[in-house]
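One predicted model, sequence on top.
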2 protein chains.
Amino acid sequence: MGEFELIRRYFFPIAEAGNTSAILLGPGDDCAIQRVEPGLDLVFSVDALVEGVHFPPDYDPEKLGWRGLAVAASDLAAMGADPVCFTLALTLPDANPDWLQAFARGLAAAAAHFGLALAGGDTTRGPLTLSLQVHGTVPRGQAIRRTGAKAGDYVCVSGTLGEAGAALNYLDSDNPGPDEQALLARYHYPQPRLDLGASLRGHASAAVDISDGLVADLGHILEASGVGACIDVARLPVLAALKRLVGSEGAVNQALNAGDDYELCITISPEAWEDLPEDTRGQLTIIGEVRSGEGLALTRDGQSEGPVAGGYDHFRT
Amino acid sequence: MGEFELIRRYFFPIAEAGNTSAILLGPGDDCAIQRVEPGLDLVFSVDALVEGVHFPPDYDPEKLGWRGLAVAASDLAAMGADPVCFTLALTLPDANPDWLQAFARGLAAAAAHFGLALAGGDTTRGPLTLSLQVHGTVPRGQAIRRTGAKAGDYVCVSGTLGEAGAALNYLDSDNPGPDEQALLARYHYPQPRLDLGASLRGHASAAVDISDGLVADLGHILEASGVGACIDVARLPVLAALKRLVGSEGAVNQALNAGDDYELCITISPEAWEDLPEDTRGQLTIIGEVRSGEGLALTRDGQSEGPVAGGYDHFRT
């Protein structure tokens, strides 16, 4: 089977996912065409995933399909954007139909779940690498940026933290227990907070998704906004399963520094917090407060620590 | 130097290239934001370039920067789109500042030349791979697709063909002569036909850029449009330097089958051809005619051959 037939068979069906009315022309021409209706802005982000760096060698292709699109879609959630479509540049060593079919199955499931139609792509031979670009829209001027945090805002996170990072220790487990399985699900099937992100438009003062760890990603907000913050580690939302596996202190460290959770970290004024619908507040935990100055301080057992630094830098030596 | 500082230093200045008024937010947040004005459609395409597949190992990083963006921009030319911005997912084995600086220099030169601002990206560790997505705009409904070719249309190409493919034989030449140098320039510094493509909106019935070879890429138009075509090989525009190096027959074969030229192949009705401004016609050569039926036939020395097939398929076995 040639390249073109292979792409058609496995990937073109994913062009039917999502809000296809905005895609005037999908895969198969030199370019795709998207109509961005007046009153909307286009929001987009690209993420590369490399075998052996962002996922283990010989990683399950179905999980990879889901995970790749989830990681990319999480950036749309962080802007408060409504998902529209994505492109996939896929480099792979050979055109193994079984691998491709499983990968496409995971990708299609994620595309349908997140509402992202495949709009175009490029498939070439080479080391296994995915590059996914996601497109979303926001009402004009309403994207949530990193620059709007102000002293006095709450710092909030969605969901629970640290599980995906801790799951790295169990990826090769032959017989993981229920606690390990709970963590592994977080690693394999990230759930980008698209609905939550969209519901925070006009409320949150700044937002980021937690891909490199809370300390690092909140640090991006603080730096971009020119402010500092203090977090109370006792407030960090962690799963009981994580505490059982790594202890309370280990869970806190994972929640602060581990990446791959793809939860949202936002800042929001106390007034805007009160205005949030109750079900939106219910998806968030207040973990601290924005302060004037710079840097991130921690409160642990009533003691103040910091400023702290952390996160993953691909080229730090 | 960390990843973020490295990206800021070398790549953020490229965000100033091009039509920046359409980019409300460039690199540095979770997503970039582009405003697509009412009356325009967004047109976009992604291309992956892999070391050892799309460019030689240890390829000059400055040439790679130019070439990568040129290859991607050529897809905008094929749609008749006006260039706006691009994203770059760059995977590289290490953060060598000299390499990065040279690469960014070539990329910046191409960005300024083509009018494409860097809007966002992702830089990670891994085998050297580039994934570039370009964004352009067209007046609503005016993108030139592959599907519009009709029996009786002329088949035209821009520029001259076959040189970039022939240049592959001279990439390692220590002391290339003037003819070899002319070919090498075509390989190293492709010139996507952006102005020509835009001037063909409303005139050409179909268009494609020649990345995989004329026979293969014209074949895409014919298949998408449900028509056939006949090309007179005597009309193929080839450079005298190419004929001197590989002979007349060799030059024809290169012009038919070699990729990497990034010229345009279009179809256009005789009436629309007559309506074209003279300077636009001057950039095109009529090489044949669209016919009903299917497949591509060649006329060589008055004899008809075909249908023929060709082109580069990354996964053909």
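Perfect, thanks for sending it. Numbers count the residues shown, from 1 in each chain, chains lettered A, B, ... in the order given.

Near chain B, which residues of the stretch 151-300 of chain A are found?
Residues of the stretch 151-300 of chain A that fall close to chain B, judged by Cβ under 8 Å from any Cβ of the partner chain: A:207, A:208, A:209, A:224. (Each C-beta comes from the backbone N, C-alpha and C, glycine too.)

Widest-spaced pair of these?
A:209 and A:224 (14.1 Å; Cβ to Cβ).

Who has more neighbours out of these two?
Applying other Cβ atoms under 10 Å in any protein chain shown to residue A:209 and residue A:224 shows that residue A:209 carries more neighbours, namely 27 against 17.

list the contacts for that one?
A:74, A:75, A:77, A:78, A:192, A:193, A:217, A:262, A:263, A:264, A:265, B:30 (Cβ atoms under 8 Å, 6 or more residues apart in numbering or on different chains).

6 Å instead?
A:74, A:78, A:262, A:264 (Cβ atoms under 6 Å, 6 or more residues apart in numbering or on different chains).

what's the spacing between it and residue A:260?
11 Å (Cβ to Cβ, to the nearest Å).

ditto for residue A:246
In terms of Cβ to Cβ, residue A:246 sits 15 Å off from residue A:260.

neighbour-wise, which of these two wins?
More crowded of residue A:246 and residue A:260, by other Cβ under 10 Å: residue A:260, with 22 against 19.

In terms of helices and strands, where is the closest residue to that one other than its chain neighbours?
Leaving aside its chain neighbours, residue A:260 sits nearest to residue A:164 (3.7 Å; criterion: Cβ to Cβ, 6 or more residues apart in numbering or on different chains). Assigned by DSSP states H and E, residue A:164 belongs to helix A:163-167.

Show me the contact partners of that helix.
A:183, A:184, A:186, A:187, A:239, A:242, A:246, A:254, A:258, A:259, A:260, A:261.

would JSON lines of these with secondary structure be doable?
Putting these into JSON lines (DSSP: H, G, I helix; E, B strand; the rest coil) gives the following:
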{"residue": "A:183", "secondary structure": "helix"}
{"residue": "A:184", "secondary structure": "helix"}
{"residue": "A:186", "secondary structure": "helix"}
{"residue": "A:187", "secondary structure": "helix"}
{"residue": "A:239", "secondary structure": "coil"}
{"residue": "A:242", "secondary structure": "helix"}
{"residue": "A:246", "secondary structure": "helix"}
{"residue": "A:254", "secondary structure": "helix"}
{"residue": "A:258", "secondary structure": "coil"}
{"residue": "A:259", "secondary structure": "coil"}
{"residue": "A:260", "secondary structure": "coil"}
{"residue": "A:261", "secondary structure": "coil"}
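
out of those, which is most surrounded?
residue A:261 (30 neighbours).

Any idea how many residues pack against the closest residue to residue A:148 other than its chain neighbours?
Ranked by Cβ to Cβ, 6+ apart and with sequence neighbours excluded, the top spatial neighbour of residue A:148 is residue A:205, at 4.0 Å. Number of residues near residue A:205 (other Cβ under 10 Å) recorded here: 23.

what's the spacing between residue A:205 and residue A:292?
For residue A:205, the distance to residue A:292 - Cβ to Cβ - is 14 Å.

what does residue A:195 give?
33 Å.

so who does residue A:227 touch?
Residue A:227 sits next to A:149, A:151, A:290 when contact means Cβ under 6 Å, 6+ apart.

Pull up the per-residue confidence for the residue nearest to residue A:201 when sequence neighbours are not counted.
Distances taken as Cβ to Cβ, 6+ apart put residue A:80 closest to residue A:201, at 4.0 Å, once the chain neighbours are dropped. Note for residue A:80: predicted pLDDT of 98.

ok, back up a step: would you format the contacts of helix A:163-167 as CSV with pLDDT included?
Formatted as CSV, the contacts of helix A:163-167 follow (pLDDT from 0 to 100):
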residue, pLDDT
A:183, 94
A:184, 95
A:186, 95
A:187, 95
A:239, 95
A:242, 96
A:246, 95
A:254, 96
A:258, 93
A:259, 90
A:260, 92
A:261, 94
